[in-house]
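> Pasting a predicted model and its sequence here:
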Amino acid sequence: MSKRVKQTEKIPEDKTLVNMKTKENGKDIKNESYWNKGFSVFLCQQILALITTGSICYVGYMHGGFIPTPNNRDIPSKLAYTLRCLVGPLCTVAFAIVKVGNMRCLTNASNPLSGNEDLVQVWKCILSNTLEQLVVVAVGLLSLSTFLSTEQEVRLIPIACSLFVLGRIAFMRGYTIKPLYRAFGMCINFQVLLVVLIANILCLSFRGIASEL
C-alpha cells in the first residue's frame with residue numbers, strides 16, 4: 001500500500017503585520033537601550049553629586065576657619081545670620097523669575113493664553129522647583145540654626161546655602177541642555193534638604209523642643 005503524504009500549504013504571513021512587529025520590536029529595543037543609558041547617566045550624576053557635597057561639607061566644617069560666623073551665639077543673632085546667608089539661595093529664584101519674564105518679552109509667550117506656553121515651559125518648571133526647594137530648605141535652616149552652638153556647627157548654615165546655590169546653577173544649566181542632565185544639581189539640593197531635615201529631627205529628639213529657649 002502506498003502511503004499518502006499530506007502536504008500542508010504554508011499560509012504566507014501578512015507583510016503589514018511583519019512590518020508592525022519589526023517596528024514594535026525595534027521600538028522596544030530602542031526604549032530599553034535609552035532607559036539603560038538614562039539610568040547610567042543618572043547614577044553617575046548622583047555619585048558625582050554625593051562626592052561633591054561630601055567634599056565641600058568636610059572642607060567647610062573641618063577647615064572652614066575662613067567662614068565668618070556671628071560673635072554672639074544667642075538665638076536672634078543666629079536667626080539673623082541664617083537670613084543673611086539665605087540671600088544667595090534667594091538670588092536663584094530671582095534669576096529664574098527674570099529669565100521667565102525675559103523669555104515672555106522676547107517670544108510669542110507674552111500672553112499666557114496665546115497657546116505658546118511651551119516656549120517658557122522649561123524655565124517655568126525651573127522656577128517652580130527652585131521656589132519649592134528654597135521654602136523647605138529656608139525653614140529647615142532657620143529651625144536648625146536655633147540648635148547650633150559652637151563655631152563649627154554654625155558653619156553648616158553658609159555651607160548648606162552655598163551647596164544650594166551650586167545645585168541650582170547645575171540644575172538650571174543641565175535642564176536647559178537636556179532634562180536628563182538636571183540630575184546632578186537636583187541630587188545636590190536633595191542631599192542638602194535631607195541632611196537639614198535629619199539634623200532637625202535629631203536635635204529635636206535628643207536636645208528637646210525647648211532647647212536653648
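Now that the structure is in, tell me what you want to look at.

> After the helix or strand of the chain with the lowest mean pLDDT, which helix or strand is next?
Lowest on mean pLDDT, DSSP states H and E among the helices and strands of the chain sits helix 15-62, with a mean of 74. Once the chain leaves helix 15-62, the next helix or strand it forms, by DSSP states H and E, is helix 75-85.

> which secondary structure elements does that following helix contact?
Contacts defined by 3 or more C-beta pairs under 8 Å, 6 or more residues apart in numbering; DSSP states H and E place helix 75-85 against helix 121-145, helix 156-177. For the C-beta atoms, the positions are set from N, CA and C on the backbone; glycine is no exception.

> And that helix, how far out from the chain middle?
Distance of helix 75-85 from the chain centroid (C-alpha atoms, centre = their mean, to the nearest Å) equals 26 Å.

> So residue 48 sits against residue 185, correct?
No. With contact defined as C-beta atoms under 8 Å, residue 48 does not reach residue 185; the gap is 10.7 Å.

> neighbour-wise, which of those two wins?
Higher neighbour count among residue 48 and residue 185: residue 185, with 22 against 15, using other C-beta atoms under 10 Å.

> Relative to residue 162, how far out is that one?
To residue 162, residue 185 is 13 Å away according to C-beta to C-beta, to the nearest Å.

> Residue 65 now?
Taking C-beta to C-beta as the measure, residue 65 falls 16 Å from residue 162.

> So those two - more neighbours on which side?
Neighbour count, other C-beta under 10 Å: between residue 65 and residue 162, residue 162 has more, with 17 against 10.

> Is that one in contact with residue 56, as I believe?
Yes. Residue 162 is in contact with residue 56 according to C-beta under 8 Å; the separation is 7.2 Å.

> tell me the contacts of the residue nearest the centre of the chain?
Most central in the chain under C-alpha atoms, centre = their mean is residue 186, positioned 1.6 Å from the mean C-alpha point. Residues near residue 186 by C-beta atoms under 8 Å, 6 or more residues apart in numbering: 167, 171.
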